[in-house]
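Enquirer: Got a predicted structure here, sequence first:
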Amino acid sequence: MINIFEPNVGDGSVELLSDVFKSNWLGRGTYVNEFETLLAQTLKTDKKNIHTIACCTDAIFGVFDIYDLPPNSEVLVPSISFPAVGSAIIAARLIPKIIDIDLSTGNVNFDAVEKHLSKKTSAIFVTHYGGIPVDIQKLRSIVGPEVLIFEDAACAFGTSVDGVACGTEGDFGCWSFDAMKLLTCGEGGAFFISDQARMLKAKEHFYLGLPSQTKSGIDRQATDSRWWEYQLNSPGRRSIFTNINAAIGLPQFSLLEDSLLRRKKIRDAYTETLNKLGIAYLKQDQNNVSYSNYFFTLRTDKRDNLAQYLKDNGVYSTFRYYPLHLIDLFKANASECKVAMSFSETALNIPIHHGMSDDDVSKVCQSLVNFFGGGV
Ligand SMILES: Cc1ncc(COP(=O)(O)O)c(C=O)c1O
């Protein structure tokens, strides 16, 4: 079966992992520091604006603890979002106001933002669908300076607009380094916050609420007679990106450019095939954008049959993400989401990952030709 996503971890990670084991420091340490340095360089932001944690989902939940939004205020969220976004809004006792998307990108629809923006809106949580960027500057001009913009850039690591990395333009952005991502650390996540007071609060939040200026017990034992005593600044959780995660991910930074080029080549093969067949797909035609190509999404009325046909022929496909407005937990505050509905009935994500061989790509293309050209 050709997988839709696949990790691509080289020997460099095995060697670094072995170093970590020998170092006897498996937790957060020097390898994490090096990872954050390279991450900041890749995202073209200051290292002080980013922080790594256990996973992107933790960041999605944590952001609501870091920004205390007015109770019962509304957070606008496009229906095609990772489910944790809806859950995190509810868990924070806020109202997820689910709005429609744009058929050409899978991203939030700006007319819907304008329509549903109100005095009750405290934030908007957008997703850069499969690495296609939301225009954050335009979004800011619509929502104004008071409404917070949170960016789910989990799939947009590698996407930049005019050289500005996706996830670094709003008030908060987050990325995932889980097992299937462009850069994988097994598990892992990172977030961006430029406001340094908030960043300090975030770091404390993700480390039990311990004051981040406090030295560790080991460091304090030299000067304090009771080095095990502490106070907490806030209720906090523990979400740690470790040297083990960092060692898996570090060698992949130098491969990033090649990985992105490979994905672009796969995309080109798909678009050539689909253009000949007259089948629609999400366009990525902005010259000022470098795309992560994390998803390749086509659209057809025969979507379910195509998915079954591909599966029968050894090609896995899927659809991300089941619309929030159809999930019972969230639907109470959904607006009419006609486009998201149509998208979720017609869109299919087909395999795209930099480990795919030319034969794999040809097989997917041939399967598409056989299905559509052969009138299956
Ligand atoms: C858009 C999006 N956001 C968030 C996440 C969560 O990332 P993590 O697995 O690191 O928690 C994912 C995971 O696939 C995702 O696709």
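Expert: Sure, I can see it.

Enquirer: what helix or strand is the residue nearest in space to the middle of the chain on?
Expert: Taking CA atoms, centre = their mean, the centroid of the chain lies closest to Ala154, which sits 0.9 Å from it. According to DSSP states H and E, Ala154 maps onto no helix or strand at all.

Enquirer: ok, now how distant is the closest residue to it other than its chain neighbours from the ligand?
Expert: Leaving aside its sequence neighbours, Ala154 sits nearest to Ser176 (CB to CB, 6 or more residues apart in numbering; 3.9 Å). (C-beta placed from N, C-alpha, C; glycine too.) Remark: distance between Ser176 and the ligand (CB to the nearest ligand atom, to the nearest Å) = 3 Å.

Enquirer: Kindly report the same for Ser292.
Expert: From Ser292 to the ligand the distance is 12 Å (CB to the nearest ligand atom).

Enquirer: cool, and Leu39?
Expert: From Leu39 to the ligand the distance is 14 Å (CB to the nearest ligand atom).

Enquirer: Surely that residue forms part of a helix?
Expert: Yes - assessed with DSSP: H, G, I helix; E, B strand; the rest coil, Leu39 lies in a helix.

Enquirer: quick one, longest strand in this structure?
Expert: strand 121-127 (DSSP state E).

Enquirer: so how far is it off the chain centroid?
Expert: Offset of strand 121-127 from its chain centre (CA atoms, centre = their mean, to the nearest Å): 15 Å.

Enquirer: for the record, mean pLDDT for that strand?
Expert: Taken as a whole, strand 121-127 has an average pLDDT of 98.

Enquirer: isn't Phe330 right up against Ile90?
Expert: Yes - between Phe330 and Ile90 there is a contact at 7.2 Å, judged by CB atoms under 8 Å.

Enquirer: count of neighbours near the closest residue to Pro235 other than its chain neighbours?
Expert: Spatial nearest neighbour of Pro235, excluding adjacent residues (CB to CB, 6+ apart): Gly209 at 5.6 Å. Gly209 has 19 neighbouring residues, counting by other CB atoms under 10 Å.

Enquirer: again, but for Glu272
Expert: 11.

Enquirer: ok, now Lys138?
Expert: 11.

Enquirer: Let me know the secondary structure of it.
Expert: Strictly by three-state DSSP, Lys138 counts as helix.

Enquirer: I'd like to know how far Gly249 sits from Ala154.
Expert: 15 Å (CB to CB, to the nearest Å).

Enquirer: doesn't Phe191 make contact with Phe177?
Expert: No - assessed by CB under 8 Å, Phe177 is found out of contact with Phe191, at 11.9 Å.

Enquirer: what residues are shared contacts of these two?
Expert: Counting by CB atoms under 8 Å, 6 or more residues apart in numbering, no residue touches both Phe177 and Phe191.

Enquirer: in a strand, that's where Thr52 is, yeah?
Expert: Yes - remark: Thr52 belongs to a strand, assigned using three-state DSSP.

Enquirer: ok, now which ones touch it?
Expert: Contacts of Thr52 by CB under 8 Å, 6+ apart are 32, 35-36, 39, 188-190, 241, 245-246.

Enquirer: Residue numbers of the stretch 101-250 of the chain in contact with the ligand?
Expert: 127, 152, 154-155, 176, 178, 189 (CB under 6 Å from any ligand atom).

Enquirer: again, only this time at 5 Å
Expert: 152, 154, 176, 178, 189 (CB under 5 Å from any ligand atom).

Enquirer: what about the spatially closest residue to the fourth one that is not a sequence neighbour, how many neighbours?
Expert: For Asp178, ignoring the flanking residues on the chain, the nearest one in space by CB to CB, 6+ apart is Glu187 at 5.5 Å. When neighbours are counted by other CB under 10 Å, Glu187 registers 19.

Enquirer: In contact with Glu187, which residues are there?
Expert: 54-55, 177-179, 245.
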